[in-house]
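S.K.: Any chance you can model this:
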Amino acid sequence: MFSQFLQLFFAGVAQGCVYALVALGFVLIYKATETVNFAQGDLMMLGAFFGLTASTVLGWPYWATILFAVVVMAAVGMLIERIVIRPVLGYPTFTVVMITIGVGYVLRGVVTMVPGWGTETYSLKTPFGDGVVRFGGAVLATEQLATIALTAALCLVLWASPAAAQRADDMRGGGQHPCAGDAQRVCSEFIPDRGKVASCLFKNKGQLSSACAASLGGGKAKVTRKAKARRHVRRNARHHRRHRR
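M.R.: You can find the predicted model right below:
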């Protein structure tokens, strides 16, 4: 009974780690750009196919295929961000969401047309695939234990790294700011220097969204005039009431 519990427990934790890594990707992207990237699953699929190609066609070892997939997908991600995402940052959220959905459909279509990829299901052999560990009468898959360990190590690195902590603080501050998207679209070359980003935003007010321009003072004069007008109307109303009395 206890051995069965251990097996189910570790299987559930390993599956949860996979979902946690996917969720971490969503959160990091959203906090940095205020963009909900619905193409993330398709990007993961594309990276898996690049790894599969490096393993089966080029005959590279497992860790080399992982490094290859990371490098290629970093280039693909930067290309998509530069060409597709950055021009629409600062626009309504629905616009950006629909574009990421469209990117996902495009990636799926491209994958089905690549020879050797197509629509078939493939598996990538890993060093942990066939191993087992016996503990307390339970038989635990090495692949599940490796998933748990690597996920914990990644989260620990993100938590302990001072640079990562600083970026997280910047993301938390920028994620709630109406200029976060505009900063990525117009002044990305100055990130993470807040002073230079602010200066760049002020210099390019004409290219900013209305919310960002208002937060920088672009809408201050209008707001002030409206407030003065309301106060003037209230004073006149009080004056008329007193005059009638």
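
S.K.: Tell me where the chain has strands.
M.R.: For the chain, applying DSSP state E gives strands covering 132-135, 138-141.

S.K.: Name the spans of the protein whose pLDDT lies under the cut-off.
M.R.: Residues of the chain meeting the criterion pLDDT under 70: 1, 33-34, 89-90, 161-178, 192-194, 215, 217-245.

S.K.: Mind checking which residue lies nearest the centre of it?
M.R.: The geometric centre of the chain, computed from its C-alpha atoms, lies nearest to I29 (Cα atoms, centre = their mean), at 1.5 Å.

S.K.: Report the contact partners of that residue.
M.R.: With contacts taken as Cβ atoms under 8 Å, 6 or more residues apart in numbering, I29 has the following neighbours: T35, V36, N37, Q40. The way it works is simple: take the backbone N, C-alpha and C, and place the C-beta from them, glycine included.

S.K.: try 6 Å
M.R.: N37 (Cβ atoms under 6 Å, 6 or more residues apart in numbering).

S.K.: ok, it to A23 distance?
M.R.: Counting by Cβ to Cβ, to the nearest Å, the gap from I29 to A23 is 11 Å.

S.K.: next one: T100
M.R.: From T100 to A23 the distance is 16 Å (Cβ to Cβ).

S.K.: Identify the residue spatially nearest to K196, adjacent ones excluded.
M.R.: Leaving aside its sequence neighbours, K196 sits nearest to F190 (Cβ to Cβ, 6 or more residues apart in numbering; 3.8 Å).

S.K.: just Q207 next, same as before
M.R.: Counting by Cβ to Cβ, 6+ apart, the nearest residue to Q207 once its immediate chain neighbours are dropped is V186, at 5.5 Å.

S.K.: Would you check that the one you found makes contact with N204?
M.R.: Yes. Using Cβ atoms under 6 Å, V186 and N204 qualify as a contacting pair, with a distance of 5.1 Å.
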